[in-house]
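**Q** pasting the sequence and the predicted coordinates here, then a few questions.
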Amino acid sequence: MKRSPFEPEPIDVMTVEGRPCRVVLKKKLQTVRQIVNLWRVDDGWWHKPITRFYYTLELESTSMVTVFQDQASGTWYKQNWTV
């Protein structure tokens, strides 16, 4: 079954004090230059609750990426907003 282009994909993220400091994109380790935005999502209280912390990151390559950590599993994901 083909994955939707908008579906989040697992990503390797290194943290310092719980905040992203490095990410692996396209098999390359990149340093986070700055956290541009941070927000929390709490949803699904009526079925399976989710809590996620989203980060918009500026990387050393000056590209931007949005990642989040699923609090239940601890897994990090890259959020694909557009195709």
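**A** All right, it came through fine.
**Q** what pairs with the strand ranked longest in the chain, and is each one parallel or antiparallel?
**A** The longest strand of the chain (DSSP state E) is strand 28-43. Strand 28-43 has these partner strands in its sheet, going by DSSP bridges: strand 19-25 (antiparallel), strand 50-59 (antiparallel).
**Q** could you tell me the least trusted of these?
**A** Among the strands paired with strand 28-43, strand 50-59 carries the lowest mean pLDDT, at a mean of 92.
**Q** which parts of the helix or strand following it are buried?
**A** Where DSSP states H and E defines the elements, the next helix or strand beyond strand 50-59 is strand 64-70. When neighbours are counted by 16 or more other Cβ atoms under 10 Å, the buried residues of strand 64-70 are found to be 65-69. Every C-beta, even on glycine, is put in place using the N, C-alpha and C of the backbone.
**Q** turn those residues into a markdown table, including pLDDT and distance to residue 23.
**A** Below are the buried residues of strand 64-70 laid out as a markdown table (pLDDT from 0 to 100; distance: Cβ to Cβ, whole Å):
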| residue | pLDDT | distance to residue 23 |
| --- | --- | --- |
| 65 | 94 | 7 |
| 66 | 95 | 11 |
| 67 | 96 | 7 |
| 68 | 95 | 12 |
| 69 | 93 | 12 |
